[in-house]
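> below are the sequence and a predicted model for it; my questions follow.
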Amino acid sequence: MYFRINDNDACTAPALIVAIYTTMPITLGPITRRQFLSGSVAAGTALALQGVSCSEPKPQAAAAPPALGIALFSDIHINADPTTIVNKCNMFDHFKQSASEMLALPKRPAVLLINGDCAHTSGEIAEYHRVLELVTPLRVMGIPVHMGLGNHDSRANFWSALPKDDRRVNSLDDRQVLVLEFPQADWIMLDSLQKTSTTPGELGATQIAWLTRELDERKDRRVIVMVHHQPSETLKPGEPVMPDGLTDTQALLDTLIPRRQVKALLYGHTHTWRVKNRQGLHCVNLPAVAYPFIATEPTGWVAAHVTDNAMSLKLYCTDHAHPKHLDQQELKWRA
């Protein structure tokens, strides 16, 4: 199924062709200002971003941008109670700040990807209602939102909470996967949720087989893969995998590393900001929007700009005094 992100009645949205494959609703397209004000999409929901206007922005130049802009949020951990604080951080406020900063950029990202742990602890329906409240202003501003699942999410509740008219169907009945096709690269979002509120994650043989087929059909494309759980660091023969990451890390890497059309693997889960390289494959650990596990780690979001040859990443910390605020990484694609 193909979905064109282009709505003349929305505030603004780049005309992009994306192919979408999912099992149930994880894709939230732009909302027109008329729809929002009429209450057909968000009846009774106030704008969550204070100070953000729904008025249409000034027209921008029609020239095609040299790079694709994507906003990357991970581990947002939204609680049903917006006053909830964890490790001295209010997750609701952190999301609002990150979203406001994203909208304030001179050139807004074309799309927002949320890489799992959308809910705070156990994926309650009320938590997803809060998530919808937070992303609605972004959709009104013409930014589509795509969400993956983490170990604190519940598939059943997530599917129940999201609007029925945003559903897509796919052959993986018990998993959520998403393929976005852009001119610069294809993005594949995987589903590593093994069991709600249980730390490790797993893709499973069926999903890895699906991924292998998708990649082999894209030999002439650049591909970026995103998953919630981090790959294990203990991959020496005879050593067990780390208990808090992907239990089938080796199967994933055996699929990605030999296929050189795969340029990068992005993940979250650890609430840290790290960039490394495995045999030419860029591995990016996205920070949490919500809160850090270790006080010295940054929270915030990442702006990605993708070209035919590379991807640049820029970290926006919620604490602008953090030494990593505005940290930039330039990732050149392997041949």
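Noted; the coordinates are in hand.

> only C-alpha atoms, please: export whichever strand or helix holds Ile114 in CSV.
According to DSSP states H and E, Ile114 maps onto strand 111-115. Provided in CSV are the C-alpha atoms of strand 111-115 (Å, rounded to 0.1, in the frame of the first residue of the first chain):
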residue,chain,number,x,y,z
VAL,A,111,8.6,12.9,9.5
LEU,A,112,8.8,11.9,13.2
LEU,A,113,9.9,8.4,14.1
ILE,A,114,9.3,7.3,17.8
ASN,A,115,11.4,4.2,18.5
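
> and it, what does it pack onto?
strand 68-73, strand 145-148, strand 186-189 (3 or more CB pairs under 8 Å, 6 or more residues apart in numbering; DSSP states H and E). In short, each C-beta sits where N, CA and C put it, glycine included.

> what's the spacing between the last one and its chain's center?
From the chain centre to the centre of strand 186-189 is a distance of 10 Å (CA atoms, centre = their mean, to the nearest Å).

> got the contact list for it?
The contact list for strand 186-189 (CB atoms under 8 Å, 6 or more residues apart in numbering) reads 70, 113, 115, 146, 148, 176-180, 211, 214-215, 218, 221-227.

> max-length helix in this structure?
helix 125-140 (DSSP state H).

> pLDDT on that one, on average?
Taken as a whole, helix 125-140 has an average pLDDT of 95.

> ditto for stretch 203-217
Mean pLDDT, stretch 203-217: 96.

> what helix or strand is the closest residue to Leu215 other than its chain neighbours located in?
Sequence neighbours aside, Arg259 is the residue nearest to Leu215 in space, at 5.1 Å (criterion: CB to CB, 6 or more residues apart in numbering). Under DSSP H and E, no helix or strand contains Arg259.

> look at Arg259 and say how many residues are nearby.
Around Arg259 there are 17 other residues, counting by other CB atoms under 10 Å.

> over to Cys283?
Neighbours of Cys283 (other CB under 10 Å): 18.

> can I assume it sits in a helix?
No: using DSSP: H, G, I helix; E, B strand; the rest coil, the secondary structure at Cys283 is strand, not a helix.

> now do the longest helix of the chain against strand 111-115, angle only.
Computed by axes from the mean of the first three to the mean of the last three CA atoms, to 10 degrees, the angle separating helix 125-140 from strand 111-115 equals 160 degrees.

> got the angle between helix 125-140 and strand 68-73?
Using the same axes, to 10 degrees: helix 125-140 against strand 68-73 is 160 degrees.

> with just CA atoms, put helix 125-140 into CSV.
Taking Å, rounded to 0.1, in the frame of the first residue of the first chain, the C-alpha atoms of helix 125-140 are listed here in CSV:
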residue,chain,number,x,y,z
ILE,A,125,-4.5,2.5,27.2
ALA,A,126,-4.6,5.8,29.2
GLU,A,127,-0.9,6.2,28.5
TYR,A,128,-1.5,5.9,24.7
HIS,A,129,-4.3,8.4,24.9
ARG,A,130,-1.7,10.8,26.4
VAL,A,131,0.7,10.0,23.6
LEU,A,132,-2.0,10.8,21.0
GLU,A,133,-2.6,14.1,22.8
LEU,A,134,1.1,15.0,22.5
VAL,A,135,1.5,14.0,18.8
THR,A,136,-1.8,15.6,17.6
PRO,A,137,-0.3,19.2,17.4
LEU,A,138,2.6,17.8,15.2
ARG,A,139,0.1,16.1,12.9
VAL,A,140,-1.9,19.4,12.7
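
> so which bits of it are buried?
Neighbour-count burial for helix 125-140 flags 127-128, 130-140 (criterion: 16 or more other CB atoms under 10 Å).

> and the two most separated of those?
Glu127 and Val140 (21.4 Å; CB to CB).

> quick check: which ranges of the protein have low pLDDT?
Along the chain, segments meeting pLDDT under 70 span 1-27, 31-66, 163-171, 234-243.

> all helices of it, in order?
Listed in chain order, the helices found in the chain under DSSP H are 33-38, 91-103, 125-140, 155-161, 205-216, 249-256.

> buried residues in the second one?
The neighbour-count criterion (16+ other CB under 10 Å) identifies 91-92, 94-99, 101-103 as the buried residues of helix 91-103.

> Arg175 contacts Glu202, doesn't it?
No: Arg175 sits out of contact with Glu202 when judged by CB atoms under 8 Å, with a separation of 10.5 Å.

> between the buried residues of helix 91-103, which is nearest Asn309?
Met102 (24.7 Å).

> is it true that the closest one touches Val111?
No: Met102 is beyond contact range of Val111, at 10.9 Å (criterion: CB under 8 Å).

> need the residues touching each of these two.
In contact with both Met102 and Val111: Ala71, using CB under 8 Å, 6+ apart.

> tell me, how many residues neighbour Asp244?
Using other CB under 10 Å, the number of residues around Asp244 comes to 15.

> surely it is in contact with Pro200?
Yes: judged on CB under 8 Å, Asp244 makes contact with Pro200 at a distance of 6.1 Å.

> right, so of the helices of the chain, which gets closest to Thr272?
Smallest distance to Thr272 across the helices of the chain (CB to CB): 15.8 Å, for helix 91-103.

> pull the CA atoms of the closest one into CSV?
The C-alpha trace of helix 91-103 is given here as CSV (Å, rounded to 0.1, in the frame of the first residue of the first chain):
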residue,chain,number,x,y,z
MET,A,91,8.5,12.9,30.7
PHE,A,92,5.4,14.8,29.5
ASP,A,93,7.3,18.1,29.7
HIS,A,94,10.4,16.6,28.0
PHE,A,95,8.3,15.5,25.1
LYS,A,96,6.6,18.9,24.7
GLN,A,97,10.0,20.6,24.8
SER,A,98,11.5,18.3,22.2
ALA,A,99,8.5,18.6,19.9
SER,A,100,8.5,22.4,20.3
GLU,A,101,12.2,22.6,19.4
MET,A,102,11.6,20.4,16.4
LEU,A,103,8.8,22.7,15.1
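
> noted, bye for now.
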